[in-house]
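Student: structure, please.
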Amino acid sequence: MEKCSRPFMLAVIVLCLMPLRDWATSQPAGSLEGNRFRIIGGSCEVSPNTDTVDLQYDPETHAWKCEGLEALEEGTMGSVAITLRLLDRASNAEEDPSDYCAYAGGIYAGGHCWYRGEEGDSCNRVCQDAGGRYSEATATEVGSIGDGGTHKKCTEVADLFGRPRAHPRGRYGRNRGLGCSEQWSVVTWWMRDGPTTGAARDRDMRRFCACEAPY
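Tutor: Here you go, the predicted structure:
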């Protein structure tokens, strides 16, 4: 492993020539000695097809697993290279959530780690790509009236990223559930109608999402 400029480590584990579909239903588990590092994300590259599937955290079992291998054709043989993104605890000794947020590319404000997604991404995807998981603060802070979100908070979060102040918007077909979102990189909308969800997405919208660390 080689240390990056940030307190992240990358570890690659290769599992060779096995029936991948069978392995997918009974994936190995493990831990890192000395509790020095935290796993904060990663990916699984399948060969020889060179497909890449997501490494996801299951909050119920507190385990990481490669999603999507079950869909491979039965009997497929190959290898899986698992790339882990690790946070060095020694560089984050005080367990400050704002440190994790900054390392993962977000902006920490109001007790939450915020991200501005790409066009067409759901907040579930935004948080997963950042190595975390969806936070309900997306709904309760900047989501619809029914979720407890406010126009003012949506504007404040948009301002963190240097984006235009939010304009309230009522029921709007497919955009329902998007919460606080930016359209075409020129206007920010606060969707008053909900419920706001992690899965909602629109190809023309960049969502503002709150994410939690995956531990």
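
Student: which stretches in this protein count as strands?
Tutor: Secondary structure of the chain by DSSP state E: the strands cover 8-19, 37-47, 51-58, 63-66, 77-88, 107-109, 112-116, 133-134, 166-169, 180-183, 187-191, 205-212.

Student: and the angle from the longest helix anywhere in the chain to strand 205-212?
Tutor: Ordering each helix of the chain by length in residues (DSSP state H) puts helix 151-160 first. Interaxial angle, helix 151-160 versus strand 205-212 (axes from the mean of the first three to the mean of the last three CA atoms, to 10 degrees): 90 degrees.

Student: can you give the contact residues for helix 151-160?
Tutor: Applying CB atoms under 8 Å, 6 or more residues apart in numbering, the external contacts of helix 151-160 come out as 107, 109-110, 114, 141-142, 164-166, 168, 179-180, 182, 188, 190, 192, 208. Yep, even glycine has a C-beta here, placed from its N, CA and C like the rest.

Student: where does the chain dip in pLDDT?
Tutor: Per-residue confidence for the chain (pLDDT under 70) gives these ranges: 1-41, 48-50, 57-63, 69-77, 85-95, 170-175, 214-215.

Student: can you list the domains in it?
Tutor: Per the record, the chain has its domains at 8-92, 106-212, by automatic domain parsing.

Student: from the contacts of helix 151-160, which would you call buried?
Tutor: 109, 114, 141-142, 166, 179-180, 182, 188, 190, 192, 208 (16 or more other CB atoms under 10 Å).
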